[in-house]
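Colleague: the following comprises the amino acid sequence and a computationally predicted model.
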Amino acid sequence: MGVGSFFTSKLDEAIGWARKYSIFQYPFVTACCGMEYMATACSHYDIDRFGAGLPRFSPRQADVLFVVGTISHKMAPVLKRIYDQMTEPKWVVAFGVCTCTGGFYDNYATVQGIDTIIPVDIYIPGCPPRPESVIDGLMKLQDKIVAQAQRY
Amino acid sequence: MPILDELRRRFGDAIVETEDHRGDLTAIVARDALLGVLAHCRDEAALAFDVLMDLTAVDYQKFPGREDGPRFEVVYHLYSIARNHRLRLKVRVDEDDARVPSALGLWPIANWLEREVWDMFGVRFEGHPDLRRLLLYEEFIGHPLRKDYPINRRQPLIGPAS
C-alpha cells in the first residue's frame, strides 16, 4: 500500500466533516426575510458549495432550522413544535434581526428573540441580512458542527 | 351633499355632526340611533350601502383638543356597489361605557370586524354572539391599541398548542 492511499482520522472528525457538508435546512419563513433567503438559496450564490443546497420541507428530514422572519407570540407555539419534531442532531439559525432580538418590532405582538423559545446556534443579523452575511453564518455553523462533540 | 342632508332631515338630532371634506362624507351619529341609521343606509334605495368596507375604532385619549370628550370613536366605512358612493359613520363612546350595538344583523362581515375592535380597543358590541379576541390569543391581557397600553409591555409566552 503506497503513501497517500489511506489516512488516519478520529471518528468524531469524520462524522463532523460529513455532517458539515450535508446540511438539510428547513426554512421556517414567516416574513420579508424570506425573499432574501430565497435569493441566497438560488443558483447565484450557490449554497450547494456548502452542502446546503437542498431544503427539506419537512422538519423530520431536516438538520438545520432556518427561522426566517418575525415570530409573533401566536406563532411561537408552532415554532416550538416544529423544533421538537426535528430529529437529532439539529441546529437552529436565527435569520434576520427579528428572530435575533425582535428587531424594531418592540411591541405587544412580537417575540423578542426566538432564543426565548428554542436554543439558537447562529445569529445572522440584518434587516434583511445580505446574502454574504447568510453565507458567513452558514460557514460559522459549519465550523461549529465540525468542532462540536458528535453524538451518534 | 344630498346624502348628509337626507340623513340630517330624517334623523334630526341623532346626527350629531356632519362633515363634507372634498366629497368625503362623514356623519357622527348618536349611539342610540346607530342601528337605525345603519339600517336606513343599507336599505334605502337612494343610498344602497350594501358593503361594510371597514369597521374600526380610534382612541382619542390625550389627543390635543379632545381630552375632555368621549374617549373612543367607532368608525363604519360604508360603500355602495350599485351607486359607487361612500359614507363614513362615527359613534362616540366613553371609556366607562364602551358599548356599541352590533351591526352583525345588517352585514355579516361585522362579526370579525367587531371582534377585532374588541380585541384591540376593548369596545364591547352588544348583541354580538361570539365576542372573542380575533387576532390575539386568549391569554393576552389588555387591549394593545389603546393609547395607555405601554408599548414595551411584555405578555407571557404561550406554550405549544396541545
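Modeller: Arrived safely.
Colleague: flag every residue of chain B that's near chain A.
Modeller: Remark: the part of chain B in contact with chain A comprises B:135-137, B:140, B:144, B:149, B:151-155, B:157-161, using CB under 8 Å from any CB of the partner chain. In this view, the C-beta of every residue, glycine as well, is placed from N, C-alpha and C.
Colleague: and B:K90, what pLDDT?
Modeller: pLDDT, the model's per-residue confidence, is 95 for B:K90.
Colleague: equivalent analysis for B:G159, please.
Modeller: As predicted, B:G159 sits at a pLDDT of 64.
Colleague: okay, now the unreliable bits of chain A?
Modeller: Within chain A, the ranges that satisfy pLDDT under 70 run A:1-3, A:7.
Colleague: select the longest helix from it.
Modeller: Counting by DSSP state H, the longest helix found in chain A is helix A:131-147.
Colleague: helices or strands next to it in the packing?
Modeller: The criterion is 3 or more CB pairs under 8 Å, 6 or more residues apart in numbering or on different chains; DSSP states H and E, and the helices and strands that helix A:131-147 contacts are helix A:11-20, helix A:33-41, strand A:91-95, strand A:122-124.
Colleague: mind checking these for the one nearest to chain B?
Modeller: Minimum separation from chain B across the helices and strands packed on helix A:131-147 (CB to the nearest CB) falls at strand A:91-95, 16.0 Å.
Colleague: what's the following helix or strand past the closest one in contact with?
Modeller: Next along the chain after strand A:91-95, taking DSSP states H and E as the criterion, comes helix A:97-101. The set of residues external to helix A:97-101 that reach it, using CB atoms under 8 Å, 6 or more residues apart in numbering or on different chains, is A:31, A:33, A:67-71, A:94, A:103-105, A:110, A:112-114, A:123-127.
Colleague: centre of the chain to the longest helix of chain A, how far?
Modeller: 9 Å (CA atoms, centre = their mean, to the nearest Å).
Colleague: again with stretch B:70-81
Modeller: Taking mean C-alpha positions (CA atoms, centre = their mean), stretch B:70-81 and its chain are 5 Å apart.
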